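Colleague: Mind looking at a prediction? Sequence and model below.
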Amino acid sequence: MNVTKAPLQWSNGGFSKIYGNIFDPSSIMPSFTGLLHGDTINSNDVTFTSAGFQANTNVGSYALNADLAAANYFINNRGTLRINPRPISITVGDVSVIYGDTPPATTPALFSGFSPNV
């Protein structure tokens, strides 16, 4: 007799991060459907991977894969990790110019919101 692995689905909605932040996969607490015979899966049995975990990954949507270390099951769905734009602020300083004078070549500005990870 040949026994094959049973399909397992995990909840995979709503994962996101801001560009420049590192995504910590240990923050994912999945729930599973399809477990049989009172079986349980704990967080040590699942490893999550995605190209979007790194700080310098561009804005967009990336596949979120779950690898399962359980002999009797396989995961048959993927999640999505959405990387959102990082908000930044630019504050321009006040400049006064008398009519007929040449305006300054540069205007003082203050930039904030940039990530140290990128």
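Modeller: Sure thing, it's come through.
Colleague: Listing request: residues of this protein with sub-threshold pLDDT.
Modeller: The chain contains residues with pLDDT under 70 at 13, 118.
Colleague: what's the single longest strand in it?
Modeller: Taking DSSP state E as the criterion, the chain has its longest strand at strand 60-68.
Colleague: Packing partners of that strand?
Modeller: When contacts are defined as 3 or more Cβ pairs under 8 Å, 6 or more residues apart in numbering; DSSP states H and E, strand 60-68 packs onto strand 46-49, strand 73-75, strand 79-84. Glycine gets a C-beta too; all of them are placed from N, C-alpha and C.
Colleague: Adjacent strands (with direction) for that strand?
Modeller: Strand 60-68 pairs in its sheet with strand 46-49 (antiparallel), strand 79-84 (antiparallel), by DSSP bridges.
Colleague: I'd like the ones you listed as TSV, with distance to Ala109 and mean neighbour count appended.
Modeller: What follows is the strands paired with strand 60-68, written out as TSV (distance: least, Cβ to Cβ, whole Å; neighbours: other Cβ atoms under 10 Å):
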stretch	distance to Ala109	mean neighbour count
strand 46-49	40	16
strand 79-84	24	18
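Colleague: got the helices and strands packed on strand 60-68 as TSV, with distance to Val95 columns?
Modeller: Listed next are the helices and strands packed on strand 60-68 as TSV, based on distance: least, Cβ to Cβ, whole Å:
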stretch	distance to Val95
strand 46-49	50
strand 73-75	59
strand 79-84	34
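Colleague: Trp10 is nearest to which of the ones you listed?
Modeller: In terms of Cβ to Cβ, the element of the helices and strands packed on strand 60-68 nearest to Trp10 is strand 73-75, at 6.2 Å.
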